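Peer 1: I would like to see how this sequence folds:
(2 chains)
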Amino acid sequence: DVKVTQSSRYLVKRTGEKVFLECVQDMDHENMFWYRQDPGLGLRLIYFSYDVKMKEKGDIPEGYSVSREKKERFSLILESASTNQTSMYLCASSRGQGAIEAFFGQGTRLTVV
Amino acid sequence: AQKVTQAQTEISVVEKEDVTLDCVYETRDTTYYLFWYKQPPSGELVFLIRRNSFDEQNEISGRYSWNFQKSTSSFNFTITASQVVDSAVYFCALSERYNTNAGKSTFGDGTTLTVKP
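Peer 2: Residues are numbered from 1 along each chain as shown, chains lettered A, B, ... in the order given. The predicted model follows:
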């Protein structure tokens, strides 16, 4: 069974903390993505990666960075968490060019206080 | 720029009713891909369908059907004889021509469907 696993389901962090959200996929997919989901705003792409050590900005990259040192793992980093980064974060992966579907993790609900 | 509009924020129906979720999109590309995903309460989005812009055939899969009309830039989703397990948030999404990597898409805001017993 294909799987995308996000390390935490719920996180509470303090303003100014450095936060790491981890995502692992076991399908040997080339592509990985980080989205945030907010009520009334749908899903918005933060960053994505087509290969190891490769990253590209999505629509809302400000305040975030990513790391992909291994094919199966894609990390989202909040260098200095702020309250407006309180959100649901979703990781996804897909096979490669022409992939028909993406597979999503269960999400991490991050609260920054 | 591309855009996906799901005008229905919330829909509530009684079990066994048919329900249609609307999706209207905007893109300048002539080649593009449209998706529907389901997000149950567990949180992870589940892929339902992908349709490319050259294929306007309607599709049926069990109780689910999709109506793609380029003339009105719509890709609507109908659930026939709805069930309580259909309760979820449903997202319509669009990927442009140069991006065929499923996952990099523009999403609508989602429609929350509640099916009552």
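Peer 1: going by C-alpha atoms from here, please, whenever you check contacts or count neighbours.
Peer 2: Fine.
Peer 1: quick check: end-to-end length of stretch B:57-69?
Peer 2: End-to-end distance for stretch B:57-69: 9 Å, by C-alpha to C-alpha, to the nearest Å.
Peer 1: where does the prediction get shaky in chain A?
Peer 2: Low-confidence segments of chain A (pLDDT under 70): A:1-2, A:97-99.
Peer 1: residues in it within reach of chain B, list them.
Peer 2: A:31-33, A:39-45, A:48, A:90, A:92-107 (C-alpha under 8 Å from any C-alpha of the partner chain).
Peer 1: only the buried subset of the residues you listed, as a ChimeraX command please.
Peer 2: Only the buried entries of the residues of chain A next to chain B go into this ChimeraX selection, using 16 or more other C-alpha atoms under 10 Å in any protein chain shown:
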select /A:31,32,33,42,43,44,45,48,90,92,93,94,95,96,100,101,102,103,104,105,106,107
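Peer 1: in strands, which of the residues of chain A next to chain B appear?
Peer 2: Secondary structure from DSSP state E places A:31-33, A:42-45, A:48, A:90, A:92-94, A:103-104 of those in strands.
Peer 1: which two in the residues you listed are spaced the farthest apart?
Peer 2: Spanning the widest gap among those are A:N31 and A:G42, at 20.9 Å by C-alpha to C-alpha.
Peer 1: for the residue nearest the centre of chain A, what are its contacts?
Peer 2: The centre of chain A sits closest to A:W34, judged by C-alpha atoms, centre = their mean, with a distance of 2.9 Å. Each residue near A:W34 by C-alpha atoms under 8 Å, 6 or more residues apart in numbering or on different chains is listed here: A:45-48, A:76, A:89-92.
Peer 1: excluding sequence neighbours, find me the nearest residue to it.
Peer 2: Distance criterion C-alpha to C-alpha, 6 or more residues apart in numbering or on different chains; nearest residue to A:W34, sequence neighbours excluded, is A:C91 at 4.7 Å.
Peer 1: any idea how far A:P39 is from that neighbour?
Peer 2: 17 Å.
Peer 1: so where is chain B shaky, pLDDT-wise?
Peer 2: Applying pLDDT under 70 to chain B flags residues B:97-103.
Peer 1: go ahead and confirm A:V113 touches A:L11.
Peer 2: No. Counting by C-alpha atoms under 8 Å, A:V113 stays clear of A:L11, with 10.7 Å between them.
Peer 1: now do the phi/psi pair for the residue lying closest to B:T27 once chain neighbours are set aside.
Peer 2: Counting by C-alpha to C-alpha, 6+ apart, B:T27 lies nearest to B:Q2, which is 4.6 Å off, once chain neighbours are set aside. The phi and psi torsions at B:Q2 (degrees, to the nearest 10) take the values phi -100, psi 150.
Peer 1: residues in contact with B:Q2?
Peer 2: B:25-28, B:94, B:96, B:106.
Peer 1: can you check B:V19 too?
Peer 2: B:V19 touches B:13, B:78-80, B:82, counting by C-alpha under 8 Å, 6+ apart.
Peer 1: among the residues you listed, which ones are buried?
Peer 2: The neighbour-count test (16+ other C-alpha under 10 Å) marks B:13, B:78-80, B:82 as buried among the contacts of B:V19.
Peer 1: A helix includes B:S71, no?
Peer 2: Yes. Counting by DSSP: H, G, I helix; E, B strand; the rest coil, B:S71 is part of a helix.
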